[in-house]
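Enquirer: Any chance you could fold what I've pasted below:
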Amino acid sequence: MVSIALGRRSEDARVPASRINVVGVAILFCAIAVGAAGWIATAGVLPLIAMIVIGILLMPSPRIAQQWERAVVLRFGRFVGLRGPGLFWIAPFIDRVSTWIDQRTITTSFAAEQTLTSDTVPVNVDAVLFWMVHDAEKAALEVQDYAQAVSWAAQTALRDIIGRTTLSELLRGRERIEAELQELIDQRSNPWGVTVSSVEMRDVVIPGALQDAMSREAQAAREKQARIILGQAEMEIARSFREAAKLYQDDPTALQLRAMNILYEGLKEKGALMVVPSAVVDSMGLGGVLGASALRQEKITGGGG
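Expert: Presented below is the predicted three-dimensional model:
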């Protein structure tokens, strides 16, 4: 059910591109030149042949390491040290450079496909690992292929993290998961002289059907929350009206003033029309209010004309 896509890792970090040993070539040409001079001086070809053989034998001796490289030198198969950066020499046929270690920060992309979360949801996760070799000797001697080992360690760690994480935690707690993933990979790769700088999850893909279901669920949750807020607002309004009713019940004058204010607010605007029973006008003494409102409306009408 679970399949992991192999992260593509540049093995060039361990095997540098083909390089021209200019110092070795210079040694060969110098040997040939000396041999040619001997040939001319002695009138025999033996010095030339001897110097060519010597030049060929000495050619592998000088080596050049780039600023970011360390060369692991073995003597008869035993580790004797690291060399570089710059020019260094090895004993021909005795020493050999077994590995070139790149100590720059290296990026490795890796992924987990159709991996089940703890709540049994299949997800595809893409991530990028930033790491570097801090101990070239351990990287060369403690693990057969440190770059591939780091890649596998990252993939298995990602599977472990996903397997014990729910989908919601995976989607919402990305920073925490990245920190856990970095710590887990670091623990596994530190014995190889490798340290992890950071891990970034690029994408988390879930099945399309599940995306639709989650979208509907989120929409329903938002509608539910909107209804709850609306109901709470209605309740608060009702409480306010109840408190106001109690106040007006205990104070009829306040109720009358409130009624007058409502009529005034309703009639003062231009073109407003309100029908009030005459019994209400008599009982509440609203004649003055209606007159004031009529004057106000007349002023507005006259100003607009």
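Enquirer: Tell me where this structure has helices.
Expert: With DSSP state H, the ranges of helices along the chain come out as 22-42, 46-58, 136-141, 146-163, 167-172, 174-189, 208-250, 252-267, 278-284, 287-304.
Enquirer: could I get the ones you listed as a markdown table with distance to Phe76, mean neighbour count and mean pLDDT?
Expert: For every residue, glycine as well, the C-beta is placed using N, CA and C. A markdown table is the format used below for these (distance: least, Cβ to Cβ, whole Å; neighbours: other Cβ atoms under 10 Å; pLDDT from 0 to 100):
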| stretch | distance to Phe76 | mean neighbour count | mean pLDDT |
| --- | --- | --- | --- |
| helix 22-42 | 22 | 15 | 89 |
| helix 46-58 | 18 | 16 | 90 |
| helix 136-141 | 15 | 20 | 93 |
| helix 146-163 | 23 | 21 | 93 |
| helix 167-172 | 52 | 16 | 85 |
| helix 174-189 | 30 | 17 | 92 |
| helix 208-250 | 61 | 10 | 87 |
| helix 252-267 | 105 | 14 | 77 |
| helix 278-284 | 117 | 11 | 63 |
| helix 287-304 | 110 | 13 | 60 |
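Enquirer: mind putting those in JSON lines, distance to Trp89 included?
Expert: Listed next are the helices of the chain as JSON lines, based on distance: least, Cβ to Cβ, whole Å:
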{"stretch": "helix 22-42", "distance to Trp89": "9"}
{"stretch": "helix 46-58", "distance to Trp89": "10"}
{"stretch": "helix 136-141", "distance to Trp89": "19"}
{"stretch": "helix 146-163", "distance to Trp89": "26"}
{"stretch": "helix 167-172", "distance to Trp89": "54"}
{"stretch": "helix 174-189", "distance to Trp89": "33"}
{"stretch": "helix 208-250", "distance to Trp89": "62"}
{"stretch": "helix 252-267", "distance to Trp89": "101"}
{"stretch": "helix 278-284", "distance to Trp89": "114"}
{"stretch": "helix 287-304", "distance to Trp89": "104"}
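Enquirer: Thr107: which of these is closest?
Expert: helix 146-163 (11.2 Å; Cβ to Cβ).
Enquirer: Gly84 is nearest to which of the helices of the chain?
Expert: helix 136-141 (9.2 Å).
Enquirer: Show me what the closest one is packed up against.
Expert: On a contact count with 3 or more Cβ pairs under 8 Å, 6 or more residues apart in numbering; DSSP states H and E, helix 136-141 meets strand 69-75, strand 78-83, strand 95-102.
Enquirer: Repeat the analysis, applying 10 Å as the threshold.
Expert: strand 69-75, strand 78-83, strand 95-102, helix 146-163 (3 or more Cβ pairs under 10 Å, 6 or more residues apart in numbering; DSSP states H and E).
Enquirer: ok so, going back, nearest to Arg70, out of the helices of the chain?
Expert: Among the helices of the chain, helix 136-141 sits nearest to Arg70 (Cβ to Cβ), with 4.1 Å.
Enquirer: Name the residues that touch that closest one?
Expert: Contacts with helix 136-141, where a contact means Cβ atoms under 10 Å, 6 or more residues apart in numbering, come from 13-14, 69-72, 74, 79, 81-82, 84, 98-103, 133, 135, 145-147, 149-150, 189-194.
Enquirer: In the stretch 1-150 of the chain, where is pLDDT below threshold?
Expert: In the predicted model of the stretch 1-150 of the chain, residues 1-19 satisfy pLDDT under 70.
Enquirer: Not counting its neighbours along the chain, what's nearest Ile206?
Expert: Val123 (5.4 Å; Cβ to Cβ, 6 or more residues apart in numbering).
Enquirer: number of nearby residues for the one you found?
Expert: 20 (other Cβ atoms under 10 Å).
Enquirer: roughly how far apart are it and Leu158?
Expert: Applying Cβ to Cβ, to the nearest Å, the value for Val123 to Leu158 is 11 Å.
Enquirer: How about Pro207?
Expert: For Pro207, the distance to Leu158 - Cβ to Cβ - is 19 Å.
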